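S.K.: 3D model of this:
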Amino acid sequence: MGEQEEDFDSYPPLQKLDTFGGMIEVRWEEDAGVSMHGGLAFFIEFLKVSGIWEKFVEECPLKYVSPNAPSKSEILGTILLSVLSGHRRYSHITGMRGDDVLPELLGIEKFRSEDSVRRAFEKQNEEALTLWMDRQMNETYAALLDQQWVLDLDATVKTLYGRQEEARVGYNPMKPGRPSHVYHAIVLTAAKLVLNVDAEAGNRIASTYSQPSLWGWLESRERKDWPTLVRGDIAYGNEEMMAGCEQRGLAYLFKLRQTQRVGQMIGKLARQGNKAAWSHAGQGWEGVEQELQLQGWTVARRVIVLRRKLKGAPTVEPDPAQPSLPGLTLEHKGGEWYEHAVLVTDWAERELLAVAQMYRDRAGAENLFDELKNQWGWTGFSTQDLKRSQLMARMVALIYNWWSIFTRMGTGPKHGEAITTRALFQQAIAKRTRHANQTRLSISSLHAKAKQAANLLGRISQWLKLVVTPAEQLQGGSAWEGMLRKLFEDFGRFVFQAEPQKGALVAVKCRI
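M.R.: Numbering: from 1, shown residues only. Here you go, the predicted model:
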């Protein structure tokens, strides 16, 4: 019946349904003033009082010639709610277009169709779009970078199923042989923020292809905003990446591939057994410091060999040419079996425990990638041209940053993933009513912690009013920079050492 071509211009008349609870009457209402995302009213307040949404829309280079075209605020507002809802395809936008509550809160007439959104940036200048998104991404996190921080590098694969530009067959562990794009990203793991992302062809997953963007991003900033350490997995433990860091005076910490020379070094240590002066490296690992110069390296470098004892011998003999993760498994002198991992670094920290723990902390970046791919549709919203895929990847990352910052006021230093925070802070039925020129939203949540969420959102609203108003008066403009630093001080356990400049935000003690 759903495939029949009919014109449905109105809702059906009242119907009676026979249920286990008895006979009920069902009436469909038109223009009921209802939204299924009532909690977003508080998020929209956050966007307004911080000024980031107004600036985002105002600086957007989107232009139309037709007088009947949608406004850029309508296009961007539609993208905002679609991404916040966890959509992965443009076609999913149809499922939310009937919401007439949130458009009013965003100051727009209505949400636009999937075709309008998909085609909006098709003929726009790519350079202008890139500069616009660079400015918006930078605005989100710039105030946090004048402290000590660690930059994480990683890449993820976006599987493709159509005829997209630069769809190439490369490394694709989930769908071997399937064309893909690769997202190279820079991440501030401690704050759970994405700093930059670039979309490349599927066969350009090597770190070589991400380095021009990385060095350009760094060199466009003042030296005081550079990271204390650059961290990455085995894809970044190569001569070109390490030499680039050394030339720029950047400390690095990468994992090494277990090549033949690396395997020989581990084997030598295994034959020595406990005579190799292994020291405690945390979480069951032991480490020993070595110096190594592989073929192709210009200098010898400091490496940390880590081992962790196994309960017994592996059931299947590992292939030395393709060692299983997390590392090569060998029998040490004395008959005990260990798995191994090798790190390379020029970080000034001499304690092996600190170095090993620093690399283990990189797991936070992996979790962030997993969340973006599986809960934010980062690898969705595909189009035939690479330009719009790149733009949507950055938009998703930007909206993720906004939501991550907003929910931090409720979750504190513990980051809450979207699968949890959407249900808690966003998914609630809102009924709009108007009386005497006043608009009221009556919100009902089905969440088991609905009362907790309601009180948290109310306190977030109070915190914003207490912090942003003094900031606007003192700074005479946007309060975002001062609010961001204050937010991470109050809720993220960040400690900013720099002395506040004249006219900077005055601290307001208000915790939830």
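S.K.: where's the closest residue to residue 71 other than its chain neighbours, which helix or strand?
M.R.: The shortest distance from residue 71 to any residue other than its chain neighbours is 6.9 Å, reached at residue 108 (CB to CB, 6 or more residues apart in numbering). For the C-beta atoms, the positions are set from N, CA and C on the backbone; glycine is no exception. Residue 108 belongs to no helix or strand when assigned by DSSP states H and E.
S.K.: Residue 108: how many residues sit nearby?
M.R.: 20 (other CB atoms under 10 Å).
S.K.: Over to residue 403?
M.R.: 23.
S.K.: correct me, but it touches residue 416?
M.R.: No - counting by CB atoms under 8 Å, residue 403 does not reach residue 416; the two are 9.8 Å apart.
S.K.: doesn't residue 80 make contact with the residue nearest to residue 71?
M.R.: No - if you go by CB under 8 Å, residue 108 and residue 80 don't touch, sitting 10.2 Å apart.
S.K.: Return the mean pLDDT over stretch 398-415, rounded to an integer.
M.R.: Averaging pLDDT along stretch 398-415 yields 91.
S.K.: List the buried residues in it.
M.R.: Buried positions in stretch 398-415, judged by neighbour count with 16 or more other CB atoms under 10 Å: 398-411, 415.
S.K.: do the same with stretch 267-274
M.R.: For stretch 267-274, by 16+ other CB under 10 Å, it's 269, 270.
S.K.: then that stretch to PDB, C-alphas only?
M.R.: Listed next in PDB are the C-alpha coordinates belonging to stretch 267-274 (Å, rounded to 0.1, in the frame of the first residue of the first chain):
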ATOM      1  CA  GLY A 267      64.600 -11.000  20.400                       C
ATOM      2  CA  LYS A 268      67.900  -9.900  21.800                       C
ATOM      3  CA  LEU A 269      66.200  -8.600  24.900                       C
ATOM      4  CA  ALA A 270      64.200 -11.800  25.200                       C
ATOM      5  CA  ARG A 271      67.400 -13.800  25.300                       C
ATOM      6  CA  GLN A 272      68.700 -11.600  28.100                       C
ATOM      7  CA  GLY A 273      65.600 -12.200  30.200                       C
ATOM      8  CA  ASN A 274      65.500 -10.200  33.400                       C
END
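S.K.: what's the spacing between it and its chain's center?
M.R.: 41 Å (CA atoms, centre = their mean, to the nearest Å).
S.K.: Give the rounded mean pLDDT of it.
M.R.: 86.
S.K.: Stretch 131-145 now?
M.R.: Averaged across stretch 131-145, the pLDDT comes to 93.
S.K.: now stretch 106-124
M.R.: Stretch 106-124 comes out at a mean pLDDT of 93.
S.K.: Kindly export that stretch (C-alpha atoms) in PDB.
M.R.: This file holds the C-alpha atoms of stretch 106-124, laid out as PDB (Å, rounded to 0.1, in the frame of the first residue of the first chain):
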ATOM      1  CA  LEU A 106      16.600  29.300  15.900                       C
ATOM      2  CA  GLY A 107      14.900  32.400  14.300                       C
ATOM      3  CA  ILE A 108      14.100  30.800  11.000                       C
ATOM      4  CA  GLU A 109      10.900  30.100   9.200                       C
ATOM      5  CA  LYS A 110      11.200  26.300   8.700                       C
ATOM      6  CA  PHE A 111      13.600  23.500   8.100                       C
ATOM      7  CA  ARG A 112      14.500  22.800   4.500                       C
ATOM      8  CA  SER A 113      14.300  19.700   2.400                       C
ATOM      9  CA  GLU A 114      17.100  17.200   1.900                       C
ATOM     10  CA  ASP A 115      17.500  18.400  -1.800                       C
ATOM     11  CA  SER A 116      17.900  22.000  -0.700                       C
ATOM     12  CA  VAL A 117      20.600  21.100   1.800                       C
ATOM     13  CA  ARG A 118      22.400  18.700  -0.500                       C
ATOM     14  CA  ARG A 119      22.600  21.200  -3.300                       C
ATOM     15  CA  ALA A 120      23.200  24.300  -1.200                       C
ATOM     16  CA  PHE A 121      27.000  24.200  -1.400                       C
ATOM     17  CA  GLU A 122      27.400  22.500  -4.800                       C
ATOM     18  CA  LYS A 123      28.300  25.600  -6.800                       C
ATOM     19  CA  GLN A 124      29.900  27.600  -4.000                       C
END
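S.K.: Could you point out which residue ranges in the protein have low pLDDT?
M.R.: Regions of the chain meeting the criterion pLDDT under 70 cover residues 1-7, 315-327, 469-478, 496-512.
S.K.: can I see the domain layout of it?
M.R.: Domain ranges of the chain: 34-120, 126-233+363-409, 256-355, 448-512, per automatic domain parsing.
S.K.: Adding distance to residue 244, write the ones you listed out as JSON lines.
M.R.: As requested, the domains of the chain are exported to JSON lines (distance: least, CB to CB, whole Å):
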{"stretch": "domain 34-120", "distance to residue 244": "32"}
{"stretch": "domain 126-233+363-409", "distance to residue 244": "6"}
{"stretch": "domain 256-355", "distance to residue 244": "12"}
{"stretch": "domain 448-512", "distance to residue 244": "28"}
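S.K.: Of all these, which one is nearest residue 433?
M.R.: Proximity to residue 433 (CB to CB) singles out domain 34-120 among the domains of the chain, at 10.7 Å.
S.K.: quick one: the closest one to chain centroid distance?
M.R.: 20 Å.
S.K.: And it, end to end?
M.R.: 28 Å (CA to CA, to the nearest Å).
S.K.: Stretch 90-110 too?
M.R.: By CA to CA, one end of stretch 90-110 lies 17 Å from the other end.
S.K.: what does it contact?
M.R.: 31, 33-38, 40-41, 44, 53, 71, 73-74, 77-78, 80-82, 85, 87, 111-115, 117-118, 381, 430, 432, 439, 441 (CB atoms under 8 Å, 6 or more residues apart in numbering).
S.K.: What distance do you get for the residue lying closest to residue 380 once chain neighbours are set aside to residue 55?
M.R.: Counting by CB to CB, 6+ apart, residue 88 is the residue found nearest to residue 380 once chain neighbours are left out, at 3.3 Å. Separation of residue 88 from residue 55 (CB to CB, to the nearest Å): 27 Å.
S.K.: Between these two, which has more neighbouring residues?
M.R.: When neighbours are counted by other CB under 10 Å, residue 88 and residue 55 differ, and residue 88 comes out ahead with 19 against 15.
S.K.: sorry, back to before: quick one, which of the domains of the chain is nearest to residue 9?
M.R.: Each of those has some distance to residue 9 by CB to CB; the shortest is domain 34-120, at 15.0 Å.
S.K.: The closest residue to residue 279 other than its chain neighbours - how many residues pack around it?
M.R.: Among residues not flanking residue 279 along the chain, residue 352 sits closest, at 5.4 Å (CB to CB, 6+ apart). Using other CB under 10 Å, residue 352 is surrounded by 22 other residues.
S.K.: Ok, residue 333 next?
M.R.: Neighbour tally, residue 333, other CB under 10 Å: 13.
S.K.: Hmm, residue 270 and it touching each other?
M.R.: Yes - the pair residue 333 / residue 270 is scored as a contact, 6.8 Å apart, by CB under 8 Å.
S.K.: The closest residue to residue 336 other than its chain neighbours: what's it in contact with?
M.R.: Leaving aside its chain neighbours, residue 336 sits nearest to residue 309 (6.1 Å; criterion: CB to CB, 6+ apart). By CB under 8 Å, 6+ apart, the contact set of residue 309 is 284, 336, 337, 338.
S.K.: again, but for residue 447
M.R.: Going by CB under 8 Å, 6+ apart, the list of residues near residue 447 reads 423, 424, 427, 428, 453.
S.K.: How much space separates residue 363 from residue 290?
M.R.: 24 Å.
S.K.: More neighbours: which of those two?
M.R.: Ranked by neighbour count (other CB under 10 Å), residue 363 and residue 290 place residue 290 first, with 17 against 10.
S.K.: Run a quick check on that one versus residue 265, I expect a contact.
M.R.: Yes - shown here, residue 290 and residue 265 form a contact pair, counting by CB under 8 Å, at 6.4 Å.
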